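Peer 1: Attaching a predicted model along with its sequence, questions to come.
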Amino acid sequence: MKKLLAGFLALSLAVGSCAAFAESYTNDWSTVPGGDETSEVSVTMDYTAMVEQYADALADKAEGLEMDVENTAESVQMACDAAKVGYVLKDLDGDGNVELMVVAEDPDNPFMDKMVLLLATHDGNEAHVVFESTARSRYYYAGENRFAYEGSNGADDSTVTTYALENGTLTDLNTETAEADFVQPEMELLNAAE
């Protein structure tokens, strides 16, 4: 019985998180230039599917279930190590299309804190993933439309740079953003530390 209740609670949290996502997106749609009802439905459905991956994994973790590592994106696996994970819906580059960021918050873990686990944009027809962070290829929000990048292809091949999101694609600014300048955006939580 306890297992059944725990399963129901986890499912309710995941569905509730996604319902809150769709509701917040619908509420924000009127402020998006050029937004219409048809676009709203398409974007909400595409982004909801992306957010559900994280919500489901976090709900499974809360229930103590093991993750199917071979069939789960690394950014989703990493989300389960953060104290808080949430999403942000915002037109980051001013092109009239709302982007989706899935972001970690964990001040006790500088590796995870302010990490953008997923950035997606929508072209009016479908959602496109701009990037997903991995352990060796990490993006952090640097405010406005900028993302600090820290990556490594080996011990002697590391990259640190800053990208700008412009018209749904990343442009290398060839500058570094100090860790102190990473920004924790306001987000709708998918989980919270217990």
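Peer 2: That came in fine, so what should we check first?

Peer 1: Chain neighbours aside, what residue packs nearest to Val88?
Peer 2: Excluding the flanking residues, the one nearest Val88 by Cβ to Cβ, 6 or more residues apart in numbering is Met101, at 4.3 Å. Quick note: C-beta positions are derived from backbone N, CA and C, even for glycine.

Peer 1: partners of that neighbour in the sheet?
Peer 2: Bridge pairing for Met101 (DSSP bridges) gives the partners Val88, Leu119.

Peer 1: what does the one 4 residues further on give?
Peer 2: For Glu105, the residues forming beta bridges with it (DSSP bridges) are Lys84.

Peer 1: how many neighbours does it have?
Peer 2: 20 (other Cβ atoms under 10 Å).

Peer 1: Any regions of the protein where pLDDT drops low?
Peer 2: By pLDDT under 70, the weakly predicted segments of the chain are 1-45, 154-155, 192-194.

Peer 1: hmm, back to that, in contact with the residue nearest to Val88, which residues?
Peer 2: With contact set as Cβ atoms under 8 Å, 6 or more residues apart in numbering, Met101 has these partners: 87-88, 90, 92, 116, 118-119, 141, 185, 187.

Peer 1: how would you label Val51: helix, strand or coil?
Peer 2: helix (DSSP: H, G, I helix; E, B strand; the rest coil).

Peer 1: do you know how far it is from Glu166?
Peer 2: 24 Å (Cβ to Cβ, to the nearest Å).

Peer 1: correct me, but Thr161 touches Asn174?
Peer 2: Yes - with contacts counted by Cβ atoms under 8 Å, Thr161 reaches Asn174, the gap being 6.3 Å.

Peer 1: So if I had to pick from the two, which one is more boxed in?
Peer 2: Applying other Cβ under 10 Å to Thr161 and Asn174 shows that Thr161 carries more neighbours, namely 16 against 8.

Peer 1: Direction included, what does the helix or strand hosting that one pair up with?
Peer 2: Assigned by DSSP states H and E, Thr161 belongs to strand 157-166. In the sheet, strand 157-166 lines up against strand 146-154 (antiparallel), strand 169-172 (antiparallel) (DSSP bridges).

Peer 1: could you dump the last one to CSV, C-alpha only?
Peer 2: Included here for strand 169-172 are C-alpha records, laid out as CSV according to Å, rounded to 0.1, in the frame of the first residue of the first chain:
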residue,chain,number,x,y,z
THR,A,169,21.9,29.5,-32.7
LEU,A,170,25.1,30.0,-30.6
THR,A,171,27.8,32.5,-31.6
ASP,A,172,31.2,32.3,-29.9
